[in-house]
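Chemist: Any chance you can model this:
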Amino acid sequence: MKLYEYMAKEILAQHGVPTPGGRVAASPQEAEAIAHELGPVAIKAQVLVGGRGKAGGVKLADTPEEAREKAAQILGMDLKGYTVEQVLVDPKIPIDQEIYLSITFDPIAKKPLIMASAAGGVEIEEVDDALIHRRVVDIERGFSPYIGRKWPMQSAFLARLPKSLRIFLGRCTRCFARLMQNS
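Modeler: Numbers count the residues shown, from 1 in each chain. This is a model prediction of the structure:
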């Protein structure tokens with residue numbers, strides 16, 4: 001299933017997962033209007049490829065006027081073979097630490113697979129495999145903060161996540177499981 005970032009965030013929000021609450025803009029003027037409401041923002045190209053930031057498809061703006069300028073730079077650009085027709089205007093969020101966190105489908109176990117790394121989320125393909133922690137989740141039991149604390153030593157990184165992040169991960173896992181059941 002391929003979704004634009006804004007679509008994925010809408011689905012996550014419907015399942016109780018907190019999201020920044022940005023909105024989509026199809027013109028620089030729309031991006032400026034959204035930034036008037038949100039304050040400093042991130043302008044993100046909405047294309048179905050990864051590596052948007054490194055390719056120039058993600059820009060930060062501190063003012064609404066700057067948001068308009070950044071959106072004008074991104075809209076219409078060719079990003080890895082895709083023409084950018086919309087941008088997501090998200091509130092700019094201060095980042096203390098970046099981690100990589102994903103839920104995918106493990107075709108061998110036929111269950112959701114959580115992958116996480118303290119090495120961050122940019123170019124995860126380049127991260128040493130030993131630094132990426134994996135855990136298959138029983139779709140019937142899901143993921144709960146309690147289960148996260150009881151993971152074996154090879155998943156110590158995941159077990160040490162703060163409770164709020166384990167709750168977040170549990171909600172994401174339940175959302176993933178519901179999407180799998182409905183597809």
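
Chemist: State the distance from G21 to G39.
Modeler: Going from G21 to G39 by C-beta to C-beta, to the nearest Å gives 12 Å. C-beta coordinates here come from the backbone N, C-alpha and C atoms, glycine included.

Chemist: now D106
Modeler: Taken as C-beta to C-beta, the span from D106 to G39 is 40 Å.

Chemist: of G21 and G39, who's got more company?
Modeler: G39 (13 against 10; other C-beta atoms under 10 Å).

Chemist: List the beta-bridge partners for the residue lying closest to that one once chain neighbours are set aside.
Modeler: In space, and not counting its chain neighbours, G39 is closest to P91: 6.8 Å by C-beta to C-beta, 6 or more residues apart in numbering. When bridges are called by DSSP bridges, P91 pairs up with V41.

Chemist: number of nearby residues for P91?
Modeler: Neighbour tally, P91, other C-beta under 10 Å: 15.

Chemist: Also the one 3 residues further on?
Modeler: Using other C-beta under 10 Å, P94 is surrounded by 5 other residues.

Chemist: Likewise for E123?
Modeler: 12.

Chemist: so what's it up against?
Modeler: Listed by C-beta atoms under 8 Å, 6 or more residues apart in numbering, the contact set of E123 reads K54.
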